[in-house]
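Asker: Predicted model and sequence follow; I will ask about them next.
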Amino acid sequence: MKYAVCFARPGCCLVAAVAMAVVGLIAGPLGARAAVPDGQYVRDWLVAGPVSPGLATMLKFLTVLPKSLLPTPEDGQSHRLPNGQQVTWNRYLAPGSIVNLIHALGQQERAGALAYTTIRADRAGPARFVVGSDDHLAIFLNRRMVYVYPKERPLSPDQDTFTAPLEAGENECLAIVGQNGGNWGFTLRVLTGEEARPPSLIWDAVDVLEQSRELYSPHWRQWVGDDSGFARANYDDSRWAPLSPSGEAVGIKDAAVVWFRCPVWVRPSLVNLPCSMKARYHGCIEVFADGVRVATLGDTKGVPADADASDLYTPSAPFSFTAPRQVLAV
């Protein structure tokens, strides 16, 4: 079973992101260095495109990307790609966590984009990369393939994590992002350490203006059973099971009641901002923020036993975050 919650304003939804300290890392393309403070995503990129989907597919399945195929980009530089297409690299400074490729390159269908930055490490060693994308995504670090996701998906920051080695000093980072239609973008941040549980979410309103995004997150935890105390902000859910990597709630097929919890941090721009909430699920749900019921959605009647949760949408319910940190319980 998949479970999803979306928080929205008229014409926009809030997106899940993650906050965590970044030690000794600076990111940015040639000619434009950008600091990466605690919990911040890499926002300073050189972007080129759109490129043909065939070229994007070819590039993202290479294990090594030689400079003969893709020279080191610079702002304003143009060059011809292997398929003969000429592209120009332009600096794009994302206003929020999400690198919105529609803003950078315009609305496209069946296309690809190239995004380049550098990551400066004060020492060599493994680093944890946290990424999200809409749709396909491939990451090259120092011209070697370190990550690929070849399918369509809606964007939620921190959908995937992987570990890759950083060299001391400058590290080239290239993202290839595919687009079938609709929204188009990606997120990337670099962390040090190997924490067992990803840190809590940060939501930024500027990421989601005129966008609709669902909250697929590794931060949700689940528990079969019922207790009113589960809604409390200070309840200890460390024994609860995380959802599967694909966002599945497992082991709950015949359960009468299942609880889910997720901590969320929001920026000041979102506190007391009028939003709305909708969800997709089986049956009905109650939603709590720091122990206060904020919504009751759905109906237990008339839901076929074999219904797919992805086919069940609910009307919106009004909602606002009342503090920078809140725990959602469902």
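Answerer: Looks like it arrived, so ask away.

Asker: tally of neighbours for the nearest residue to residue 224 once chain neighbours are set aside?
Answerer: Of all residues not flanking residue 224 in the chain, residue 255 sits nearest, at 4.5 Å (C-beta to C-beta, 6 or more residues apart in numbering). Glycine gets a C-beta too; all of them are placed from N, C-alpha and C. Residue 255 has 14 neighbours, counted by other C-beta atoms under 10 Å.

Asker: Nearest to the spatial middle of the protein, which residue is it?
Answerer: Taking C-alpha atoms, centre = their mean, the centroid of the chain lies closest to residue 157, which sits 1.2 Å from it.

Asker: just to revisit the earlier point, tell me the SS of the residue nearest to residue 224?
Answerer: Under DSSP: H, G, I helix; E, B strand; the rest coil, residue 255 falls in the coil class.

Asker: Pretty sure it sits against residue 226.
Answerer: No - with contact defined as C-beta atoms under 8 Å, residue 255 and residue 226 do not form a contacting pair (9.6 Å).

Asker: and stretch 276-286, what's its mean pLDDT?
Answerer: Averaged across stretch 276-286, the pLDDT comes to 73.

Asker: Kindly apply the preceding question to stretch 83-94 instead.
Answerer: 90.

Asker: swap in stretch 291-307?
Answerer: Here the average pLDDT along stretch 291-307 is 65.

Asker: now swap in stretch 251-261 and tell me
Answerer: 84.

Asker: Now do that stretch: distance from first to last residue.
Answerer: Distance across stretch 251-261, first residue to last, is 16 Å (C-alpha to C-alpha, to the nearest Å).

Asker: Identify each buried residue in it, please.
Answerer: Applying a neighbour-count criterion of 16 or more other C-beta atoms under 10 Å, one finds 252, 258, 259, 260, 261 buried in stretch 251-261.

Asker: Need the residues that contact it.
Answerer: Stretch 251-261 is contacted by residues 1, 3, 220-227, 230, 235, 237, 240-241, 249, 327-330 when judged by C-beta atoms under 8 Å, 6 or more residues apart in numbering.

Asker: isn't residue 108 right up against residue 179?
Answerer: Yes - the criterion here is C-beta under 8 Å, and residue 108 meets it with residue 179 at 5.4 Å.

Asker: so what sits against both of those two?
Answerer: By C-beta under 8 Å, 6+ apart, the residues touching both residue 108 and residue 179 are 50, 101.

Asker: Please list the members of the contacts of stretch 251-261 that lie in strands.
Answerer: Counting by DSSP state E, these place 221, 222, 223, 224, 241, 327, 328, 329 in strands.

Asker: I appreciate the help and will end here.
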